[in-house]
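# Pasted the sequence and its predicted model underneath.
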Number of protein chains: 2
Amino acid sequence: MKLAASIKEVAKLSGVSAGTVSRAFNNYPDIKPETRERILRIAKEVGYSPTLSAKNLSSKKSSGMALILSQLLSERIGGREPDGRVFMQHTMEDSSFLIMCGACRYAIERNLDMPVYVYSSELQNRKTYEQFCREHRLGGALLFGLQTTDNYYKALSESTLPCVTVDTRVLGENVGYVGTDNIESFRMLTEYLLDAGHREIVVLNGRKVATVCLERLAGVYEAYSAREMQLRSEDVLYTDFREDLTEKVVTNYLGKYGKSRATAFLCMSDLIAITAIRTIQKRGFSVPDDFSVVGYDGMASGRFIYPGLTTIDQDLESKGYAAARLLNRMMNGQVEEKEVLLPYHLVERGSVAPPWNRDCAKGHDLAEHGSIMTPWSREYAEEC
Amino acid sequence: MKLAASIKEVAKLSGVSAGTVSRAFNNYPDIKPETRERILRIAKEVGYSPTLSAKNLSSKKSSGMALILSQLLSERIGGREPDGRVFMQHTMEDSSFLIMCGACRYAIERNLDMPVYVYSSELQNRKTYEQFCREHRLGGALLFGLQTTDNYYKALSESTLPCVTVDTRVLGENVGYVGTDNIESFRMLTEYLLDAGHREIVVLNGRKVATVCLERLAGVYEAYSAREMQLRSEDVLYTDFREDLTEKVVTNYLGKYGKSRATAFLCMSDLIAITAIRTIQKRGFSVPDDFSVVGYDGMASGRFIYPGLTTIDQDLESKGYAAARLLNRMMNGQVEEKEVLLPYHLVERGSVAPPWNRDCAKGHDLAEHGSIMTPWSREYAEEC
DNA sequence: TTGAAAGCGCTAACAC
DNA sequence: GTGTTAGCGCTTTCAA
């Protein structure tokens, strides 16, 4: 394999000028087909492919897109193993990764070069959004994990080049948005619990100021008022998405009220829900016999735990894919609708049961829950 | 905010030439401190920062590094929710992501620009490794998720520029390696089970040809022969890392032997272990009373399931960090040791118990396992 | 349909 | 210390 093949080499070997090679590679119409073929063939032989830096530099308008991940390094929260050892955990773990996969899948399908940059909130103070884009010669950017307090969040609304945010809506001429209807989906989730017979529900909320949380909470309230019921504000507990805080909050609640009050926990995320379930079990209670629990996200761990977590799956990979697609279209001037809401759907696993037979369901076996047939138990029952 | 600030603008505003501005920005020694200050100040005012493409192009040797993630899009394996809905899952999910985080953390700490490229096996056929590096003007590359069958795997050994692989060792002049001592760690893990009293152990292996699996299996054999014991080859089952396959394999085994044979499952990864535990429970058996299970990786879900998964945590983030560090050093000619093995340690949760009281431990409660005090039950007992 | 030439924004070698 | 200049590898007029 030859190294260092430049456009000139190829030009010389093909007996044409550099300009013509460029034309061949960029699908210009004004080039004789056979010339193009020949050039492309020779280029392939010597292993030539154009240097992106040079392309970027020479073409007037930069055309590349990039994915910028914000909250990866900062959003680190700790916890402790039972043996006392400290472990770290990412809140955004699942979501960032899947969104990235989806976006990259789109880029790969279209043969687009789309680098991913991990850019923390802290870095955003050192370099402005405009600077970052200029520095990388971006023609458009995909942003995920932005918080409303981030510098880039504010800069986006005045962005001169197209960009797309995921989950964090930003108003601006050139800003697209891909998200989920948080209000609607939480209304649905709440109704699901109400339909199951629950009347005393505790909401385990995330960060008080996070937009998603605000919207989701609104959905809960909507469901309540549609049935002319009231959600007491003291039944909304805040956990900040942190595992240890969630545990503390749930432990407190259980210590205070035990089974005397709520029959279900409605969680703003799967991570919260999973921790809640674990905490409930550690306190000697059962899910779903004593308490039902639902989450939101569709993260993988929800399948692994017992009982399986009933949740709303928002298909994060599709979200990433849709975001990349929207950005690409915006960059090409195909400015359809700049706001895309993705579908979601309820995944019923085993963490919800009707509340009425709480006390006759003690000592259940893994394969049967007493009050409700979980998918697992059903499957087991069928096969045995 | 002014837009389009180039080096010339800054030069003009500062009353110097472009060359001097360049000197100021690149920490050259031969520039008057106050000139530098002034230039930097003015640059900041107009929001200037040098374009990477231009830098790359003009400097002879390209100096940038990048992280290339291979198996993200291809390594997709499906499964089914209990309700029949199909879900997709990434085998590498946890690991890719955490390694990426670690590598990026290093880059950010050093103020290095390190784009992440998601580059599937399929793409590797369309563009050679050399081409990719040239195209992106890389000075070095970090590769994760490479399989021995990948095109880039083969290309690496002849790489002219420094590169570092994670977990997949490649022999070559310019290739560094960051990994874990798979043999040693699996010897330890096996001994842990043997020490607990297990004599009939089933190994749930991954892909037969994967290097990591080969090494890990070697570790198991070592532990056995150190005690002059024999691991029967029919007790090594292959699952290919796929959830559904794992379930099938374990189900088969249990259907055939029930509790009559093995007392423990030694799994090559946490994902396998978690699926194994779930399958065992679905079949009506208990972990750890009927079967002990251990995994390897330290993935987050291992904490969420019940019982907690006893496993070897290999701290993937540190792995990514170490890899980026090694690459950076290699690129700077600080060629210390090109092979870095990272520490690992056993995390004891609740999935292992001695095998001798299998049958007197039925019907246990979450808080007490009969045969062994798990960390959870211990904690619970202490607090109540 | 193609070649020639002027840059894109920067660095680096060589003057002064 | 600083200015000048010649590229880096490509795209893109403008001619031919």
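Here it is on my side, so go on.

# close to chain B, is stretch A:23-42?
No. Interface with chain B: stretch A:23-42 contributes nothing (CB under 8 Å from any CB of the partner chain), its closest point being 11.9 Å away. For the C-beta atoms, the positions are set from N, CA and C on the backbone; glycine is no exception.

# Just the C-alphas of that stretch, formatted as PDB.
Output of stretch A:23-42 as PDB, limited to C-alpha atoms (Å, rounded to 0.1, in the frame of the first residue of the first chain):
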ATOM      1  CA  ARG A  23     -14.600  17.100 -10.100                       C
ATOM      2  CA  ALA A  24     -14.600  13.400 -10.300                       C
ATOM      3  CA  PHE A  25     -14.800  12.900  -6.600                       C
ATOM      4  CA  ASN A  26     -17.500  15.500  -6.000                       C
ATOM      5  CA  ASN A  27     -19.900  14.200  -8.600                       C
ATOM      6  CA  TYR A  28     -19.700  17.200 -10.800                       C
ATOM      7  CA  PRO A  29     -21.800  16.900 -13.900                       C
ATOM      8  CA  ASP A  30     -19.300  18.500 -16.300                       C
ATOM      9  CA  ILE A  31     -16.900  15.700 -16.600                       C
ATOM     10  CA  LYS A  32     -16.600  13.000 -19.100                       C
ATOM     11  CA  PRO A  33     -17.900   9.700 -17.500                       C
ATOM     12  CA  GLU A  34     -15.000   7.700 -18.700                       C
ATOM     13  CA  THR A  35     -12.600  10.300 -17.300                       C
ATOM     14  CA  ARG A  36     -14.300  10.000 -14.000                       C
ATOM     15  CA  GLU A  37     -14.200   6.200 -14.000                       C
ATOM     16  CA  ARG A  38     -10.500   6.200 -14.800                       C
ATOM     17  CA  ILE A  39      -9.700   8.700 -12.100                       C
ATOM     18  CA  LEU A  40     -11.800   6.800  -9.500                       C
ATOM     19  CA  ARG A  41     -10.200   3.600 -10.400                       C
ATOM     20  CA  ILE A  42      -6.700   4.900 -10.200                       C
END
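
# quick one: the residue lying closest to residue A:254 once chain neighbours are set aside from residue B:196, how far?
The shortest distance from residue A:254 to any non-neighbouring residue, by CB to CB, 6 or more residues apart in numbering or on different chains, is to residue A:283 (4.9 Å). Computed as CB to CB, to the nearest Å, the residue A:283 to residue B:196 distance reads 28 Å.

# same check, this time on residue A:206
Between residue A:206 and residue B:196 the computed distance is 40 Å (CB to CB).

# Tell me which of these two has more neighbours.
Between residue A:206 and residue B:196, counted using other CB atoms under 10 Å in any protein chain shown, residue A:206 has the larger neighbour count: 24 against 19.

# Please name the residues that touch that one.
Contacts of residue A:206 were listed using CB atoms under 8 Å, 6 or more residues apart in numbering or on different chains, and they are A:212, A:213, A:238, A:239, A:240, A:241, A:268, A:269, A:272.

# One more: residue A:330?
A:140, A:162, A:164, A:174, A:176, A:338.

# Tell me which residues touch the last one, please.
With contacts defined as CB under 8 Å, 6+ apart, residue A:338 is in contact with A:175, A:176, A:177, A:326, A:330.

# Report all helices and strands that the helix or strand harbouring the third one contacts.
With the criterion set as DSSP states H and E, the secondary-structure element containing residue A:177 is strand A:175-180. Applying 3 or more CB pairs under 8 Å, 6 or more residues apart in numbering or on different chains; DSSP states H and E, one finds that strand A:175-180 contacts strand A:163-166, helix A:316-331, strand A:339-342.
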